[in-house]
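J.: here is the input, now give the coordinates:
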Amino acid sequence: MHIHYHYVSIIIVLCFSIRAITCSIIEVKAGESRELPTCSIKSSFGTRWYRSSTSVKDLIVSTDDESISRPSNGRYILQSDGALSIRKIDISDADSYFCRDEVTGKGANYQLIVNYLEVPVLKLPVTYSKIGENATFICSSKGVPNLYNVTWLKNGNVIDVYDTLKYSQTNTTSLEIIRLEQTDTGRYQCKVENDAFKDEEGKSSRSEYFRVSYLGEITLKSPDIHLRKNTTGLFVCSLTAYGYPPISTEWLKDGKLLNVSNKGKYMKSFIKRYLFLEINRVNEMDEGAYQCRAENAAYNRNEGKLSNIGTLSLLSTMDSNYSFEVSENRKAGLIVGIAFVGLAVGILLTSSVFLIFGKIKASKNQVPEASHQTKEAVYTVYNGEQKGTLYQDLQRKTDDTPVYINVKRKK
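T.: You can find the predicted model right below:
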């Protein structure tokens with residue numbers, strides 16, 4: 001604001017340096033129309049309007065000239081009372097305007113100030129911004145009066161620039177993000193305001209997408225492989241994340257880049273964050289230490305991610321025989337174990353059958369023939385027992401034989 005007032009004071013000095021009856025400052029917003037008051041007393045006859053950004057005055061409108069407007073863009077119109085109407089004022093119209101009445105010799109001077117505010121342009125870092133680094137955004141705009149407020153937004157939400165642990169500002173038109181994290185990825189905007197264009201009249205930049213560069217860790221899942229000659233070996237590496245920018249991967253053997261161009265020997269693939277290396281018909285030349293490496297445009301060379309080391313070695317003839325013998329012994333032991341378990345299960349089942357059969361037989365001995373009653377809920381007296389002994393909840397075994405099971409003594 002101080003600069004704007006200083007600018008106006010300079011205009012006032014220039015205004016009064018020109019000898020005129022009146023000298024006025026008129027402020028208007030770009031895009032509006034405005035009328036400058038006439039200097040004529042009676043009519044517009046003999047009225048001339050001049051524009052003077054320098055010591056030279058240019059005639060733009062007069063009533064004693066066949067040309068109504070100069071330049072001929074039609075925006076300068078002389079009204080019937082001698083006033084000058086300017087339509088759709090733009091920045092270039094900011095100037096000194098002088099009205100002269102040729103009949104009376106009187107005149108008036110006006111200084112036109114055009115307030116405006118440019119749509120800002122948001123400038124992001126031109127290089128990749130990596131996790132842990134700082135990134136600076138610039139909001140570029142101009143206006144009259146000068147800018148006094150810049151608001152920063154991420155994903156449509158206002159950023160708290162007073163969080164000094166996360167953000168830093170050398171001036172309102174710059175924003176520095178401290179120690180970038182992957183969560184700082186998003187769409188950013190800036191909105192500018194001045195005294196003439198506030199709140200909803202403020203101007204916002206385009207939304208720009210900012211992405212933090214990163215690269216996931218890489219791990220070799222099969223660190224040690226022992227194979228027989230002429231068999232196939234497989235190494236598998238996994239990435240915790242794909243990374244940005246897009247990554248490239250490669251395999252190393254004994255610390256040197258492995259040439260996997262021989263498709264009959266090597267098969268390289270990358271599927272869902274898993275990197276595979278298949279080695280066909282392994283031999284002594286394939287023995288060694290293997291690693292996988294991932295990199296991208298932001299993390300390359302020494303900054304790329306290198307996995308742990310895995311080894312490939314061939315089994316000797318003795319190792320192969322020993323492995324075969326151990327395998328056969330394991331198979332024999334497994335068969336013996338299965339047979340033993342089967343025998344134990346058989347004995348257990350047989351014992352269970354005899355036990356159940358004995359209980360059934362005992363149960364039948366305890367339930368002699370009972371006298372049949374027509375009602376199921378009746379109490380029944382059994383033969384061979386003391387009279388008055390009663391049973392309840394009886395069930396018939398068949399319709400023909402009056403033998404009941406699941407009996408309960410009634411106390």
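
J.: restricting to C-alpha, output the longest strand belonging to the chain in CSV.
T.: Counting by DSSP state E, the longest strand found in the chain is strand 107-117. Provided in CSV are the C-alpha atoms of strand 107-117 (Å, rounded to 0.1, in the frame of the first residue of the first chain):
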residue,chain,number,x,y,z
GLY,A,107,-9.1,23.6,-19.7
ALA,A,108,-8.9,20.8,-17.2
ASN,A,109,-6.4,18.0,-16.6
TYR,A,110,-7.2,14.4,-15.4
GLN,A,111,-4.9,11.7,-14.3
LEU,A,112,-6.5,8.3,-15.0
ILE,A,113,-5.3,5.4,-12.8
VAL,A,114,-6.3,2.0,-13.9
ASN,A,115,-6.4,-0.6,-11.2
TYR,A,116,-5.9,-4.1,-12.3
LEU,A,117,-4.8,-7.5,-11.2
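
J.: now do it: which elements does it pack against?
T.: Judged by 3 or more C-beta pairs under 8 Å, 6 or more residues apart in numbering; DSSP states H and E, strand 107-117 is in contact with helix 2-17, strand 22-29, strand 34-36, strand 95-101, strand 143-144. For every residue, glycine as well, the C-beta is placed using N, CA and C.

J.: let's see 7 Å
T.: Judged by 3 or more C-beta pairs under 7 Å, 6 or more residues apart in numbering; DSSP states H and E, strand 107-117 is in contact with helix 2-17, strand 22-29, strand 95-101, strand 143-144.

J.: what mean pLDDT does it get?
T.: Strand 107-117 shows a mean pLDDT of 94.

J.: residues touching residue 232, list them.
T.: 278, 279, 280 (C-beta atoms under 7 Å, 6 or more residues apart in numbering).

J.: hmm, try it at 10 Å
T.: 267, 278, 279, 280, 281, 282 (C-beta atoms under 10 Å, 6 or more residues apart in numbering).

J.: quick one, what contacts the fifth one?
T.: Right, the one you point to is residue 281. With C-beta under 10 Å, 6+ apart, residue 281 has these contacts: 229, 230, 231, 232, 233, 264, 265.

J.: can you select the buried ones among the residues you listed for me in ChimeraX?
T.: Per 16 or more other C-beta atoms under 10 Å, the buried members of the contacts of residue 281 correspond to this ChimeraX selection:
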select :233
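
J.: from the contacts of residue 281, which two are the most distant?
T.: Longest distance between any two of the contacts of residue 281 is 16.8 Å, between 229 and 264; criterion C-beta to C-beta.

J.: and the gap between residue 210 and residue 118?
T.: 22 Å (C-beta to C-beta, to the nearest Å).

J.: higher neighbour count, these two?
T.: residue 210 (18 against 14; other C-beta atoms under 10 Å).

J.: got phi/psi on residue 199?
T.: With angles defined as degrees, to the nearest 10, residue 199 sits at phi 50, psi -120.

J.: so how far is residue 193 from it?
T.: 7 Å.

J.: these two - which one has more neighbours?
T.: Legend: neighbour count by other C-beta under 10 Å for residue 199 and residue 193, higher for residue 193 (19 against 7).

J.: OK, contacts around that one?
T.: Contacts of residue 193 (C-beta under 10 Å, 6+ apart): 117, 141, 143, 147, 148, 149, 150, 151, 199, 201, 202, 203.

J.: let's go with 7 Å and repeat that
T.: 148, 149, 202.

J.: and residue 123, by the same measure?
T.: Contacts of residue 123 by C-beta under 7 Å, 6+ apart are 137, 138, 140.

J.: if we use 10 Å, what do you get?
T.: When contacts are counted by C-beta under 10 Å, 6+ apart, residue 123 touches 136, 137, 138, 139, 140, 174, 190, 205, 208.

J.: with that, I have no additional questions.
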